[in-house]
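> give me a model of this one.
(one chain, ligands or ions: 1)
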Amino acid sequence: MAIASTPDLFTVRSRSRSPDPAALRDTALEIHRRLCPVYGCPIPYFHSLDPVSELVSSLLSHRTRNAESGRAFKALRARYPDWKTFLDAPVTEVESLIDGVTWPELKAPRIQAILRAVRERRGSLDLDFLADLPVAEARGWLEAIPGIGPKTSAAVLAFSLLRMPALPVDSHHHRVAQRTGLIPASMDVGPSHPVLRGQLPENWNAQELYDNHEVLMLHGQQVCRHRAPACHACVLVDLCPTGQARLAERGRMS
Ligand code: SF4
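Below is the predicted model:
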């Protein structure tokens with residue numbers, strides 16, 4: 001289910017071929033420092049799911065509103081007493097239970113296939129062992145399964161009860177990172193994961209990385225919106241090339 005990013009009309013393309021990595025790290029930290037008080041770090045975790053449940057929840061949520069993926073997840077939990085029973089269920093039944101999400105006809109067989117792969121590789125439907133691995137190794141184990149990409153592997157480690165220090169990047173987080181110049185306008189969500197993680201201190205714990213993801217995501221949802229970024233009201237405007245360009249454009253037109 002590879003999906004190309006929607007081109008962003010607002011993002012200013014960097015004029016520099018290779019932005020200074022130290023300057024980008026400083027900007028990433030300054031963005032975190034400014035957004036944390038706005039959105040209230042430390043931010044409470046929104047899920048307390050075991051890692052297999054988090055995997056299913058994350059796969060349901062791709063390109064789908066939270067309310068719809070939440071409804072689909074609850075429908076699966078209500079219908080099946082455990083994930084093993086879910087695996088043996090007819091795929092058409094699963095598809096109808098999750099019909100509010102985007103592409104239920106693709107997600108139903110894909111999620112069952114992924115859980116089957118977990119069971120085949122581990123001998124059981126249990127991902128708790130990932131807690132004993134370094135983050136990079138745990139992500140590699142998950143991403144070796146077809147259908148699991150960097151966003152899903154990071155979400156399983158960071159959002160589940162594993163509470164591991166991984167940095168997920170969703171579309172809102174990605175958009176703010178592009179517009180502020182942390183990543184090039186041409187960089188897709190997948191490759192942005194190691195780049196954005198590498199700009200943050202190596203020794204940050206799970207809560208700090210979770211906060212970083214959450215504040216960028218919330219900023220993307222509430223201020224740096226896809227169609228109407230509120231640059232005039234943004235606490236990042238003085239360090240954001242896109243915001244600067246938009247305000248200058250507005251000044252020229254007034
Ligand atoms: S100034 Fe703020 S709202 Fe405007 S593009 Fe930059 S981050 Fe987004």
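> going along the chain, name the helices of the stretch 151-254 of the chain.
171-179, 189-198, 206-222, 241-253 (DSSP state H, counting those that start in this stretch).
> give me the residue from the stretch 101-250 of the chain nearest the ligand.
Of all residues in the stretch 101-250 of the chain, the one sitting closest to the ligand is residue 243 (2.3 Å; CB to the nearest ligand atom). C-beta coordinates here come from the backbone N, C-alpha and C atoms, glycine included.
> Provide a list of residues in contact with that residue.
Residue 243 is in contact with 179, 229, 231, 234, 236-237, counting by CB atoms under 8 Å, 6 or more residues apart in numbering.
> 10 Å instead, please
The neighbours of residue 243, taking CB atoms under 10 Å, 6 or more residues apart in numbering as the test, are 10, 12, 179-180, 224, 229-232, 234, 236-237.
> contact residues of the stretch 51-200 of the chain facing the ligand?
Within reach of the ligand by CB under 6 Å from any ligand atom, the stretch 51-200 of the chain has these residues: 176, 179-180.
> will you turn those residues into JSON lines that also has pLDDT?
Formatted as JSON lines, these follow (pLDDT from 0 to 100):
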{"residue": "176", "pLDDT": "98"}
{"residue": "179", "pLDDT": "97"}
{"residue": "180", "pLDDT": "98"}
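> can I get the buried part of those as one ChimeraX selection?
Applied in ChimeraX, the following selects the buried portion of these according to 16 or more other CB atoms under 10 Å:
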select :176,179,180
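> any chance of the residues of the stretch 51-200 of the chain next to the ligand in JSON lines, with distance to residue 139 too?
JSON lines is the format used below for these (distance: CB to CB, whole Å):
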{"residue": "176", "distance to residue 139": "23"}
{"residue": "179", "distance to residue 139": "26"}
{"residue": "180", "distance to residue 139": "25"}
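> returning to what we had before: so for residue 121, which of the helices of the stretch 151-254 of the chain sits nearest?
helix 189-198 (22.0 Å; CB to CB).
> so which bits of the closest one are buried?
189, 192-193, 195-197.
> domain ranges for this structure?
Segmentation of the chain into domains, based on automatic domain parsing, reads 21-43+168-253, 51-159.
> any weak-confidence spans in the stretch 101-250 of the chain?
The model of the stretch 101-250 of the chain has no residue with pLDDT under 70.
> run a quick neighbour tally on residue 248.
Residue 248 has 10 neighbouring residues, counting by other CB atoms under 10 Å.
> and if you look at the one 5 residues further on?
Each residue near residue 253 was counted by other CB under 10 Å, and the total is 6.
> those helices in the stretch 1-150 of the chain, which residues are they?
Under DSSP H, counting those that start in this stretch, the stretch 1-150 of the chain gives helices at 21-39, 51-61, 66-79, 83-87, 91-97, 104-122, 135-143, 150-159.
> tell me what angle the second one forms with helix 104-122.
It stands for helix 51-61. Following axes from the mean of the first three to the mean of the last three CA atoms, to 10 degrees, one obtains 160 degrees for the angle between helix 51-61 and helix 104-122.
> could you do the third one as well?
Note on geometry: by the same axes, to 10 degrees, helix 66-79 and helix 104-122 are set 60 degrees apart in direction.
> buried set for helix 66-79?
In helix 66-79, counting by 16+ other CB under 10 Å, buried: 68-73, 75-77.
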